[in-house]
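Compute the structure for the input listed below.
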Amino acid sequence: MRTSTEKYVRGGLSGLVAVGCGVASGELVALAVSAFASPYQAVAAFMVDHSPAFAREFAIQTFGTNDKQALMLGMVAVIALLAVVAGILQVRRPPLGLVVVVLFAAFGVLAAVTRPTFEPSYVLPPLVSGVVSGLVLVVLCRGARPRSDGSAESADSPDRSPDGAGWSRRQFGGAVGVLAVASAASVLVARQVARTGGVIAERMREVLPKASSEAAPIPAGTDVAVDGVTPFVTGNGTFYRIDTALQVPQLSTRDWQLRIHGMVDREITLSWDDLMSMPTMERIITLSCVSNEVGGDLAGNARWLGFPMREILDRAGVQSGADMLLSTSIDGWTSGTPLQAITDGRDAMLAIGMNGEPLPLEHGYPVRQVIPGLYGFVSACKWVVDWEITRFDRAQAYWTKRGWGVRAPIKTASRIDRPAPLSKQPAGRVVVAGTAWAQHRGVRGVEVRVDDGPWQPATLATEYSVDTWRQWTWDWDATPGQHTLHCRATDAAGRTQPEQRVAPIPDGATGWHSRVFRIEG
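Now for the predicted structure:
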């Protein structure tokens with residue numbers, strides 16, 4: 001029994017190490033092929049693209065901006081489990097374990113060929129990964145069978161295997177240890193090379209052009225400067241990130257192009273140099289994610305530098321009857337934007353700068369879209385490389401195919417930033433403060449209610465523009481006890497947030513934000 005158990009333990013370890021070696025070799029080969037050829041990333045992206053809508057929505061709502069890390073950890077767990085199963089099968093009923101490894105490699109090839117950026121060379125990393133995994137699995141599992149002749153070899157002579165049935169514990173442990181360390185080191189090297197590639201160095205050297213049309217100065221009183229309140233301008237490092245890119249695309253300005261085609265008078269392709277020859281505009285604009293829950297933090301306000309999208313469309317000449325811009329990212333993700341939102345005078349832009357710096361890689365370097373008033377899934381295409389002018393009755397974008405909204409204007413929202421939820425505050429004057437937004441309409445007012453009492457008007461900070469959020473404060477003469485505060489905003493058209501809570505999907509959350517506090521006498 002002890003010998004049988006040890007055999008299966010060795011088999012499981014053999015499977016783990018074999019698959020680890022395969023993954024490491026695939027990542028190293030991908031370095032020489034393409035940043036998009038990683039078999040691990042291809043499989044992860046395949047799973048995202050083909051998972052049911054409820055699973056993706058659950059991941060975003062549960063993990064927020066950590067949804068990608070959660071997926072990666074989940075994939076590691078699944079791959080590890082399959083590897084252990086393959087190893088046990090290989091020592092028990094060979095070649096079943098090898099069959100599992102071959103099937104997994106085939107799945108990697110399938111994931112690679114279905115990538116939007118696919119090139120024939122993409123199949124090489126998963127093929128090498130499968131071959132290496134299979135060879136290591138066979139070799140380790142042959143040595144994984146401990147002695148079973150009843151002798152005292154394991155106790156008296158751990159370095160000997162006189163019956164030839166397998167390796168000694170020391171031999172097996174040494175082989176497994178060396179291969180595991182080599183695999184881990186290879187993965188770390190591959191990841192480090194990928195993170196410090198030429199695009200990162202290029203971005204550090206990039207000098208943004210001076211804005212031809214600068215953003216208006218931020219007037220005094222726009223930022224209430226109250227502790228606990230979200231700053232008026234969101235820093236690049238804290239700006240929310242929600243997208244489907246498990247591997248941040250690394251696209252250089254030299255390789256970037258924007259093809260404009262479809263219902264246009266003339267197809268054109270813009271290069272980076274073409275962009276640089278155009279007048280630039282700088283604007284402060286608030287973006288919001290449709291996945292933002294009531295009171296959530298998936299919204300941010302930044303200073304963007306870019307080029308007017310309307311003028312770019314004019315170069316191509318939009319044909320009569322077109323009503324949709326289908327934008328495609330370098331990784332294949334698409335967004336469908338109403339053309340009216342680009343041509344109605346709002347500051348829709350192809351952005352290259354964010355808060356005085358070139359776009360961070362995770363926020364779309366070198367070029368992304370920024371369109372005020374629309375949720376990001378229909379407007380804010382990052383790493384954009386293709387524009388198709390079309391119609392909503394002819395094409396669907398990535399999330400629309402999965403049942404999300406079509407035109408998706410941002411709904412009026414407000415939240416309480418301070419005091420912190422469930423905090424204890426002294427009786428007397430308590431400063432309640434927060435943020436509200438109704439992009440491209442503007443915020444007319446914010447009201448606060450204590451428990452079931454009457455609504456009280458909050459003091460609004462100075463409005464910067466209708467395309468940015470607006471801070472607010474309210475002085476509360478707090479009495480002892482537990483209290484619940486609600487807030488609601490009214491936009492410039494006079495429409496007030498509804499009380500009823502509606503989930504973010506398919507076209508944005510509604511409802512009043514609330515926080516519970518304890519006031520101590």
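
Do a quick rundown of the helices in this protein.
Assigned by DSSP state H, the helices in the chain fall at 2-33, 39-50, 53-63, 67-92, 96-113, 124-142, 153-156, 169-195, 198-205, 272-276, 309-316, 340-343.

closest one to residue 508 among these?
Residue 508 lies closest, by CB to CB, to one member of those: helix 53-63, at 13.2 Å. For every residue, glycine as well, the C-beta is placed using N, CA and C.

follow-up on the earlier one: now the helices of the chain in JSON lines, please, with extra columns for distance to residue 299.
Converted to JSON lines, the helices of the chain look like this (distance: least, CB to CB, whole Å):
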{"stretch": "helix 2-33", "distance to residue 299": "35"}
{"stretch": "helix 39-50", "distance to residue 299": "23"}
{"stretch": "helix 53-63", "distance to residue 299": "14"}
{"stretch": "helix 67-92", "distance to residue 299": "17"}
{"stretch": "helix 96-113", "distance to residue 299": "33"}
{"stretch": "helix 124-142", "distance to residue 299": "38"}
{"stretch": "helix 153-156", "distance to residue 299": "63"}
{"stretch": "helix 169-195", "distance to residue 299": "28"}
{"stretch": "helix 198-205", "distance to residue 299": "25"}
{"stretch": "helix 272-276", "distance to residue 299": "28"}
{"stretch": "helix 309-316", "distance to residue 299": "22"}
{"stretch": "helix 340-343", "distance to residue 299": "18"}
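
Pick out the shakiest of those, pLDDT-wise.
Looking at the helices of the chain, the lowest mean pLDDT belongs to helix 153-156 (a mean of 42).

picking that back up, out of the helices of the chain, the one nearest residue 252 is which?
In this view, the helices of the chain are compared for proximity to residue 252 by CB to CB, and helix 198-205 is the closest at 5.2 Å.

how far does the closest one sit from the chain's center?
21 Å (CA atoms, centre = their mean, to the nearest Å).

Distance of the nearest residue to residue 377 once chain neighbours are set aside relative to residue 379?
Spatially, and ignoring its direct neighbours in sequence, residue 377 is nearest to residue 399 (4.7 Å; CB to CB, 6 or more residues apart in numbering). Shown here: residue 399 relative to residue 379, a distance of 12 Å by CB to CB, to the nearest Å.

Kindly report the same for residue 190.
Distance of residue 190 to residue 379, given as CB to CB: 34 Å.

before we move on, the earlier item: return the residues in contact with the residue nearest to residue 377.
Applying CB atoms under 8 Å, 6 or more residues apart in numbering to residue 399 gives the contacts 335, 377, 378.

out of those residues, which are inside strands?
Using DSSP state E, the subset of those located in strands is residue 335.

and the contacts of residue 399 as a markdown table, adding distance to residue 223, pLDDT and neighbour count?
Shown next, in a markdown table, are these (distance: CB to CB, whole Å; pLDDT from 0 to 100; neighbours: other CB atoms under 10 Å):
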| residue | distance to residue 223 | pLDDT | neighbour count |
| --- | --- | --- | --- |
| 335 | 31 | 97 | 26 |
| 377 | 29 | 96 | 27 |
| 378 | 29 | 97 | 27 |
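
ok, of the contacts of residue 399, which one's closest to residue 100?
Ranked by distance to residue 100 (CB to CB), those are led by residue 377 at 37.3 Å.

doesn't residue 408 make contact with the closest one?
Yes - judged on CB atoms under 8 Å, residue 377 makes contact with residue 408 at a distance of 6.7 Å.

Overlap in contacts, the two.
residue 290.

Strands along the stretch 401-521 of the chain, start to end?
Per DSSP state E, counting those that start in this stretch, the stretch 401-521 of the chain carries strands over the ranges 413-418, 424-426, 428-437, 443-450, 456-457, 459-460, 470-478, 481-491, 513-520.
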